[in-house]
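K.L.:
Dropping the sequence and predicted coords here.
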Amino acid sequence: MLELVKAGGWPMIPLLLLSVLALTLVVERAWTLRRSAVLPPNLGKEVRTWAGSGKLDPSHIESLRRTSPLGELLAAALDVRHRPRDQIRERIEDVGRHLVHKMERYLNTLGTIAAAGPLLGLFGTVVGMIQMFLGILDHGIGDVNQLAGGIGKALVCTAAGMIVAIPALIAHRWFRGRIAEYIVSMEHEAIALMDTLDTRPAAAARTPQAA
């Protein structure tokens, strides 16, 4: 492996740096975007129970906001729970856009690595070929086997660029799909909470009439 890296020459240095950066971003996003951290199980049901009973206070909502992105979204709805449904929906949409931006953090960098890896590999190959043909210009073709070996070494950068780019592209697409799935689930929980907030005043209004 070390011999292949040496054969690629100095263009292998940025490719190695990109590979380390891509691995770091994949590990960080995989830890941050794990399901238990974004959508804690039974959190939506628990919040709906609190909202239905009316046992909500600012400190309680603030602690909910710090639990997870889903908790932050539901806390935003509870902050304006006494307003009309349209205003609650607008607040949820505003907070949701900020949450999506947070979850998509570093994904553009990962996508850039996936796009730049093959280009850097091709650049390294071109540099190697130029050096080889300049050597032929100065000293002649010489041994054919040596010429074939030089071409093979020049292509090492192209292979390295693909090795960096393909996993980065797969991870980028996978994280995008995972975030889209989270968004749908969070929207479902927010709508269920708004329905609970809508039914609570109606229940409270029926109670005095029944009395």
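P.N.:
The structure has been received and is ready for your questions.

K.L.:
So which residues of this structure form helices?
P.N.:
Here the chain has its helices, by DSSP state H, at 2-8, 12-32, 35-38, 43-53, 58-65, 69-79, 85-103, 107-139, 144-154, 156-210.

K.L.:
for these, which one ends up most surrounded?
P.N.:
Neighbour counts (mean count of other Cβ atoms under 10 Å) averaged over each of these peak at helix 69-79, with a mean of 22. Every C-beta, even on glycine, is put in place using the N, C-alpha and C of the backbone.

K.L.:
quick revisit: can I get the helices of the chain in TSV including mean pLDDT?
P.N.:
TSV is the format used below for the helices of the chain (pLDDT from 0 to 100):
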stretch	mean pLDDT
helix 2-8	65
helix 12-32	93
helix 35-38	92
helix 43-53	87
helix 58-65	88
helix 69-79	92
helix 85-103	92
helix 107-139	83
helix 144-154	64
helix 156-210	82
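
K.L.:
Would you confirm that Leu197 contacts Asp79?
P.N.:
No: using Cβ atoms under 8 Å, Leu197 is not in contact with Asp79; the gap is 11.6 Å.

K.L.:
what's the overlap in contacts for those two?
P.N.:
Both Leu197 and Asp79 lack any common contact, where contact means Cβ atoms under 8 Å, 6 or more residues apart in numbering.

K.L.:
Now do the contacts for the residue nearest to Glu187 when sequence neighbours are not counted.
P.N.:
Leaving out its chain neighbours, the residue that sits closest to Glu187 by Cβ to Cβ, 6 or more residues apart in numbering is Gly96, at 7.6 Å. Applying Cβ under 8 Å, 6+ apart to Gly96 gives the contacts 73, 183, 186-187, 190.

K.L.:
next one: Leu15
P.N.:
8, 117, 120-121, 124, 157, 160-161, 164.

K.L.:
Try it again at 10 Å.
P.N.:
5, 8, 116-117, 120-121, 123-124, 156-157, 160-161, 163-165 (Cβ atoms under 10 Å, 6 or more residues apart in numbering).
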